[in-house]
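*Asks:* please work out how this folds:
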Amino acid sequence: MNEILRPNLDHAELRADLAAAFRWTAREGMHEAVANHFSLAVNPEGTQFLINPFGRHFARMKASDLLLLDAGDAGTLDRPDAPDPTAWGLHGAIHRACPHARCVMHVHSIHATVLACLQDSHLPPIDQNSAMFYGRHVVDAHYGGMAFEAEGARCARLLASPRMRTLVMGSHGVLVIGETVAETFTRLYYFERAAETYIRALQTGQPLRVLSDEIAEKTAREWEEYPDLATAFLSEIKAMLDEDGANYRG
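*Replies:* As a prediction, this is how the structure comes out:
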């Protein structure tokens, strides 16, 4: 299975969606240098996936840049265009073990990472945005070092339940999963905004207004049933990038 999967223009629309998400993540300042990775499964089993290449900045990502990997290929890191080993360790493990995780996005965005550094890294439902994640995020409190294969496999086990779509990686960052780029990027965006609201609320030193379990769960379900929000968001992102002449589709 050492043969490199080609060509880099297969799955053109999926590639464009993922490239657009990279570009917008950079515009929102949620990227970090040339680290962090997004991946997207392209086969029914979820084991073949697109991912960003080693060392490419999010702001310069193009559809044709994305690597096509196979989670079952033990020779992946021997490829001439081998991915970042932590990208392979984390994303390869998740695509191997969690077929419901079609799209995987991992960043070290500021506010989500601040949350990940707190003794209690759970996000309480203090407003409408944070309620989106009520009962739907899991905290990894056992950081074991950089996300090489053993660490990636451990993190993948925390996402075994399809209900848990957001992983707060203690002392590390955040990882979100979903079925499409649109769904997953929207979840990533809203988690960062919700984490910022929570961190800023803590900074006031005032008591927090936490929603009841009943209302938080009701709101979370309303988010899940909200019509076409994620699709519309990604569509607008692509339209704005196209208007700016960004060559992310190339």
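*Asks:* quick one: low-confidence parts of this structure?
*Replies:* 1-9 (pLDDT under 70).
*Asks:* quick check: longest helix of it.
*Replies:* helix 181-203 (DSSP state H).
*Asks:* contacting residues for the residue nearest to the spatial centre of the chain?
*Replies:* In the chain, the residue lying closest to the centroid (CA atoms, centre = their mean) is M105, at 1.7 Å. Contact analysis of M105 by CB atoms under 8 Å, 6 or more residues apart in numbering lists A21, F38, S39, L175, V176, I177, T184, F185, L188. Every C-beta, even on glycine, is put in place using the N, C-alpha and C of the backbone.
*Asks:* list the neighbouring strands of the helix or strand encompassing the fourth one plus their orientation.
*Replies:* Using DSSP states H and E, L175 falls within strand 173-178. Strand 173-178 has the following sheet partners, assigned by DSSP bridges: strand 103-107 (antiparallel), strand 166-169 (antiparallel).
*Asks:* what about the helices in the chain?
*Replies:* Here the chain has its helices, by DSSP H, at 12-27, 85-87, 93-97, 110-117, 128-131, 149-158, 181-203, 213-225, 229-243.
*Asks:* the third one packs against which elements?
*Replies:* In this structure, helix 93-97 makes packing contacts with strand 37-41, helix 149-158, judged by 3 or more CB pairs under 8 Å, 6 or more residues apart in numbering; DSSP states H and E.
*Asks:* can you give me the distance of G144 to R15?
*Replies:* 33 Å (CB to CB, to the nearest Å).
*Asks:* of those two, which one has the most company?
*Replies:* The neighbour count for G144 versus R15, taken as other CB atoms under 10 Å, is higher for R15 (26 against 13).
*Asks:* ok, the residue lying closest to L202 once chain neighbours are set aside - contacts?
*Replies:* With sequence-adjacent residues excluded and distances taken as CB to CB, 6 or more residues apart in numbering, L202 is closest to L208, at 7.6 Å. By CB under 8 Å, 6+ apart, the residues touching L208 are P124, I126, A201, L202.
*Asks:* now the buried members of those residues.
*Replies:* P124, I126, A201 (16 or more other CB atoms under 10 Å).
*Asks:* could you export those residues as a markdown table, including distance to P162?
*Replies:* Listed next are the buried ones among the contacts of L208 as a markdown table, based on distance: CB to CB, whole Å:
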| residue | distance to P162 |
| --- | --- |
| P124 | 23 |
| I126 | 26 |
| A201 | 30 |
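*Asks:* what's the closest of those residues to R163?
*Replies:* P124 (17.9 Å; CB to CB).
*Asks:* surely the closest one meets I199?
*Replies:* No: here P124 does not reach I199: they are 11.8 Å apart, not a contact under CB atoms under 8 Å.
*Asks:* centre of the chain to the edge, which residue is at the far end?
*Replies:* Of all residues in the chain, Q206 has its C-alpha farthest from the mean position, at 31.6 Å, by CA atoms, centre = their mean.
*Asks:* separation between that residue and Y226?
*Replies:* Q206 is 30 Å from Y226, by CB to CB.
*Asks:* and what of I110?
*Replies:* Applying CB to CB to I110 and Y226 gives a distance of 26 Å.
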